[in-house]
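Novice: Okay, here's the prediction I keep looking at, along with the sequence it came from:
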2 protein chains.
Amino acid sequence: MKTKSAVKNKSLIVTLDMVAKESGVSPSTVSRILNGTATVSEDKKKAVDDAIAKLGFIPNPVARGLAGGRTLSIGVVTQALDSPFYGAALRGIEDELDPAGYSPLFVSAHWNITSETRCIDMLRSRRVDGLIVLNGRMSDASLKATAKHLPVVVTGRNIKSPEIFALNFDNFAGGFKATQHLIQLGHRKIAFIAGDMEHPDANERFKGYKSALEAASIPFDPDLVVPGEYHEVSGMLATDRLLSSNRQFTAIFASNDQMAFGAALSLHRHSLRIPDDVSLMGFDDLANSLYCIPPLSTIQQPAYELGRLAASAMLQLLSGQKPTAVMPAPVLISRDSTRRWRS
Amino acid sequence: MKTKSAVKNKSLIVTLDMVAKESGVSPSTVSRILNGTATVSEDKKKAVDDAIAKLGFIPNPVARGLAGGRTLSIGVVTQALDSPFYGAALRGIEDELDPAGYSPLFVSAHWNITSETRCIDMLRSRRVDGLIVLNGRMSDASLKATAKHLPVVVTGRNIKSPEIFALNFDNFAGGFKATQHLIQLGHRKIAFIAGDMEHPDANERFKGYKSALEAASIPFDPDLVVPGEYHEVSGMLATDRLLSSNRQFTAIFASNDQMAFGAALSLHRHSLRIPDDVSLMGFDDLANSLYCIPPLSTIQQPAYELGRLAASAMLQLLSGQKPTAVMPAPVLISRDSTRRWRS
DNA sequence: TTGTAGGCGTTATCAG
DNA sequence: CTGATAACGCCTACAA
C-alpha cells in the first residue's frame, strides 16, 4: 500500500537523477546532453535519450531557474491584455516563442509608469531570460539599466543602445499617407483626432498629418485637432466636440482605429453618413476594421507581425546573434469609409 | 574595485539569508514571518520587517517553487489571447490575482485538444499552484485527473466533481431571452447563426432559441439555421448563404457578437438596412458592440466579471475554502440593431 | 569525455 | 517560539 502510494505520487515527477540512473550515467552527463553544454559520446547520448523517452522526463524549469540557468521564459510587458492591437501582438509573440521552447509571461502595465516598473521587477524576480516591452512608458535610462542584466527588446521608442533592440513602426509615414490619401480624394478640411502626445507614436502620427497638409499647401488649422486617448469613447467624444464647434470639415483622420470606431458612432448619432457626408480614416488596421460599417480605410500596422518580430529578435539576442528584424512600412488600406469629396 | 563590482552585482538580489543576518534571527524565522507559518514574537517580527524594508527584500518565487512550496502563479488556459471575449476575461483574472500576490501564466490552446493537453503539462511542469481552464475542450475525465494534483477552476462546462469548481453562464436562458426579445418585437421568421454544436455553450444557445420559438408557438424551421464558427468571417458567410437561399426572414440571431458583426457586413453589402430591413441580435456584449453601427442589441455575458470570479474562486480554493462564486444571469441589452417588425 | 561536489534561495522537519 | 539541517531538481566548476 505504501509502495503503491509512493509510486503514484512520484509517477508524474520524473527527475533528471532518475534518468541518470536509468541510463547508467551521471546526472551531469544528462544535463550536458539536455543543454548541449559539452560533447558527449554517441552511445551514452543514445542511452540517455532512450531513458528520457521511456520515463517521459520533462526538465523542471523551476529548478533550472534556481540553479542559475535559464527559465525558458520571456517576460512580456504589455499595456493592456484586452486591447485588439496588443492582443494580436501577444499572439504573435506566443506563436514565435513556442516552437523554440520558450513561454511568455504576460503582464500589463496599464500605461502606468509605476506599475510598469513593478511589472519588470516581478518578471525579474521570476528570473525571466529576457524582456519584451511593448510601447513602454518608462524612461530610456531605467530601461538601459535593466538591459545590463538581461536581453531587452522594445517597441515604440527610439532608443540607441547596444544592449537593447528596438523595433519601430514608421508612424510618421503612416500619418502622412493617411492624410495624403484624404487630400488626394479632394478633402481640404481634415480634422485630426490625436492620441496622447506624450507618447512618441501619437506624436509621430500627428507630425505626419501636419507634414502632409504642408506638402499640399493646405494651411494647418489647430481648431481641427482634438485630443483623444486611443480608445473608442474618446474618439466619440472628440467627434462630438468637433461637431459642436461649428468648424467645417469633410473628413476625419482618427489616429487609431479604436477612436475611429467611436467617431463613427458619433457621426451616426448626428445623422451624418460615412463616407457621403464625412470621410473617416483610421490607423492600425485592427481585425475589426474590416467588419465595421462601412469597412474602415486605415493604415496597416501589423500587430501580429510586430509580436513575431519582437519575439524572434529576442530569440536571436538569446542565442548571441544580432537581431535584424525590421517592421514593414505602413501600407494604406483603402476601404469604404473614405471617398472623393465633390464640393 | 572588486568590492564595488560585487556590491553592484548583488545589490539587486537581496536574499532571505541577508534579511536574517540583518535582523539577527534565523532564516527559518524570516520564512515563518513571510508565510505566517507559525507565530513569532512581536519584537523579532518587527526587527525582520524593518530589515526587509531596509534591504528592499523580495522573495524569490523560483526558489519558493523549488523548495516544494508554492510558486504563487496560476496557470490559465485560454483558447485565444486575441479574442475580445477572452481578452476581457484575462484582464479580470489578472486584476483579481494581482492584489493577492499571484501572477497568471497565460497559454492559449486554440480550441485544440492536443494543444490543450500540452499546455496543461507545461503549466504543471512550471509548478503552477492552480489551474483555470476557460472553455476547455478536453475530456472531463482528464480534467478530473489533473484536479487530483492541484486546484482547478473551469468555465463553460457542467462538471460535477468535488475537486473542480465550475463556473457557468446560463447560455440557454441567454439564447431564450434573445429570441424572445425578437419575438416580442413582432418577428416570426428568425434566422439563427449557430456556433460549433460540439461545444456546450453553442449548443445551449441553440436550445434556448428553439425553446423560445416553441414557447411562442412558432414552428422551428431548420432552413433558417446556418452554421458558424464564432468569428466574424463565419457570420458573414452564414448570412450570405441565408440571403442566397431565398428563405424569408426578418431578423437574425447570431449566437455571438463577432458573428453578428460579420452578419452586419453581409447585410450592408447586400444593401439591407439594420434594423429597418432586418433586425440583428448578438450574444456576449463585447466592448465593441456598443460602437458598431448601429449599436448591437445583445445578451450580456460579462467576460471581465467571469475572469474575476474564476480567479477569486481559485483564490478561495487555494486557501482551503469552498468557492461560492456564481455567474450573473444573462441580461438583455436592447440597442439599435433590433426593432419592431411591421408586416 | 565523464563523474563528484557544491550551491542556487527557500521551505519543511526536526530538535530544543 | 526558535534555530539547525536537510531537501527541492538542476547546473557548473573542478577534478579525473
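Specialist: On my side now, so go ahead.
Novice: show me the contacts for the residue positioned nearest the centre of chain A.
Specialist: Against the mean C-alpha coordinate of chain A, by CA atoms, centre = their mean, the closest residue is A:Ala89 at 4.1 Å. Counting by CB atoms under 8 Å, 6 or more residues apart in numbering or on different chains, A:Ala89 touches A:78, A:134, A:303-304, A:306-307, A:310. (C-beta placed from N, C-alpha, C; glycine too.)
Novice: among those, which are in helices?
Specialist: A:303-304, A:306-307, A:310 (DSSP state H).
Novice: quick one: which of those is most hemmed in?
Specialist: Most neighbours among these, by other CB atoms under 10 Å in any protein chain shown: A:Gly307, with 31 neighbours.
Novice: which ones are touching that residue?
Specialist: A:88-96.
Novice: Equivalent analysis for A:Leu131, please.
Specialist: Residues in contact with A:Leu131 (CB under 8 Å, 6+ apart) are A:74-77, A:120, A:123-124, A:146, A:150-153.
Novice: what about it, which SS state?
Specialist: strand (DSSP: H, G, I helix; E, B strand; the rest coil).
Novice: Least confident secondary structure element in chain A?
Specialist: helix A:2-10 (a mean of 33; mean pLDDT, DSSP states H and E).
Novice: got the CA coordinates for the helix or strand following that one in CSV?
Specialist: Elements were assigned by DSSP states H and E; along the chain past helix A:2-10, the next helix or strand is helix A:16-23. The C-alpha coordinates for helix A:16-23 follow below in CSV (Å, rounded to 0.1, in the frame of the first residue of the first chain):
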residue,chain,number,x,y,z
LEU,A,16,17.0,14.1,-14.1
ASP,A,17,18.5,11.9,-11.5
MET,A,18,16.1,9.1,-12.4
VAL,A,19,17.1,9.4,-16.0
ALA,A,20,20.7,9.3,-15.0
LYS,A,21,20.2,6.1,-13.0
GLU,A,22,18.1,4.5,-15.7
SER,A,23,20.7,5.1,-18.4
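Novice: now the next helix or strand after helix A:16-23, how far from the chain's geometric center?
Specialist: As assigned by DSSP H and E, the chain's next helix or strand after helix A:16-23 is helix A:27-35. Distance, stretch centre to chain centre, for helix A:27-35: 36 Å (CA atoms, centre = their mean, to the nearest Å).
Novice: what helices or strands is helix A:27-35 leaning on?
Specialist: helix A:16-23, helix A:42-55 (3 or more CB pairs under 8 Å, 6 or more residues apart in numbering or on different chains; DSSP states H and E).
Novice: any chance of those in CSV, plus mean pLDDT, distance to DNA strand D and mean neighbour count?
Specialist: Below are the helices and strands packed on helix A:27-35 laid out as CSV (pLDDT from 0 to 100; distance: least, CB to the nearest atom of the strand, whole Å; neighbours: other CB atoms under 10 Å in any protein chain shown):
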stretch, mean pLDDT, distance to DNA strand D, mean neighbour count
helix A:16-23, 93, 3, 18
helix A:42-55, 93, 10, 15
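Novice: Ok, which of those comes nearest DNA strand C?
Specialist: Nearest to DNA strand C, of all the helices and strands packed on helix A:27-35, is helix A:42-55, at 4.1 Å by CB to the nearest atom of the strand.
Novice: and the closest one, does that touch DNA strand C?
Specialist: Yes - using CB under 7 Å from any atom of the strand, we find that helix A:42-55 touches DNA strand C at A:43-44.
Novice: Other residues contacting that helix?
Specialist: A:14, A:18-20, A:22-25, A:29-30, A:33, A:40, A:57.
Novice: Repeat the analysis, applying 10 Å as the threshold.
Specialist: A:14-16, A:18-26, A:29-34, A:39-41, A:57-59 (CB atoms under 10 Å, 6 or more residues apart in numbering or on different chains).
Novice: can you tell me the average pLDDT over whichever helix or strand comes after it?
Specialist: As assigned by DSSP H and E, the chain's next helix or strand after helix A:42-55 is helix A:61-66. The average pLDDT for helix A:61-66 rounds to 92.
Novice: Now do helix A:61-66: which elements does it pack against?
Specialist: helix A:27-35, helix B:61-66, helix B:113-125 (3 or more CB pairs under 10 Å, 6 or more residues apart in numbering or on different chains; DSSP states H and E).
Novice: Pull up the gap between the nearest residue to A:Ser312 once chain neighbours are set aside and DNA strand D, please.
Specialist: Spatial nearest neighbour of A:Ser312, excluding adjacent residues (CB to CB, 6 or more residues apart in numbering or on different chains): A:Glu96 at 5.3 Å. From A:Glu96 across to DNA strand D, the span is 22 Å (CB to the nearest atom of the strand, to the nearest Å).
Novice: one step back: check the ones in helices among the contacts of A:Ala89 against DNA strand D, which are close?
Specialist: Counting by CB under 7 Å from any atom of the strand, nothing from the ones in helices among the contacts of A:Ala89 sits close to DNA strand D.
Novice: okay if I get those residues as JSON lines plus pLDDT and distance to A:Met236?
Specialist: Output for those, formatted as JSON lines (pLDDT from 0 to 100; distance: CB to CB, whole Å):
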{"residue": "A:Ala303", "pLDDT": "97", "distance to A:Met236": "23"}
{"residue": "A:Tyr304", "pLDDT": "97", "distance to A:Met236": "27"}
{"residue": "A:Leu306", "pLDDT": "97", "distance to A:Met236": "27"}
{"residue": "A:Gly307", "pLDDT": "98", "distance to A:Met236": "28"}
{"residue": "A:Ala310", "pLDDT": "98", "distance to A:Met236": "31"}
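Novice: quick check, nearest of these to DNA strand C?
Specialist: Here the nearest of these to DNA strand C, counting by CB to the nearest atom of the strand, is A:Ala310; it sits at 28.9 Å.
Novice: just checking, A:Ala20 touches A:Arg32?
Specialist: No - with contacts counted by CB atoms under 10 Å, A:Ala20 stays clear of A:Arg32, the gap being 11.1 Å.
Novice: joint contacts of those two?
Specialist: Contacts common to A:Ala20 and A:Arg32, judged by CB under 10 Å, 6+ apart, are A:26, A:48.
Novice: Show me how to select, in ChimeraX, the buried members of the contacts of helix A:42-55.
Specialist: Restricted to buried positions by 16 or more other CB atoms under 10 Å in any protein chain shown, the ChimeraX selection for the contacts of helix A:42-55 reads:
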select /A:14,15,16,18,19,20,22,23,25,29,30,31,32,33,40,57,59
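Novice: Just want the angle from the helix or strand containing the residue nearest to A:Ser312 to helix B:84-97.
Specialist: Assigned by DSSP H and E, A:Glu96 belongs to helix A:84-97. For helix A:84-97 against helix B:84-97, the angle by axes from the mean of the first three to the mean of the last three CA atoms, to 10 degrees is 90 degrees.
Novice: Run the chain-centre distance for helix A:84-97.
Specialist: Chain-centre distance of helix A:84-97: 7 Å, with CA atoms, centre = their mean.
Novice: what is the mean pLDDT for it?
Specialist: Here the average pLDDT along helix A:84-97 is 96.
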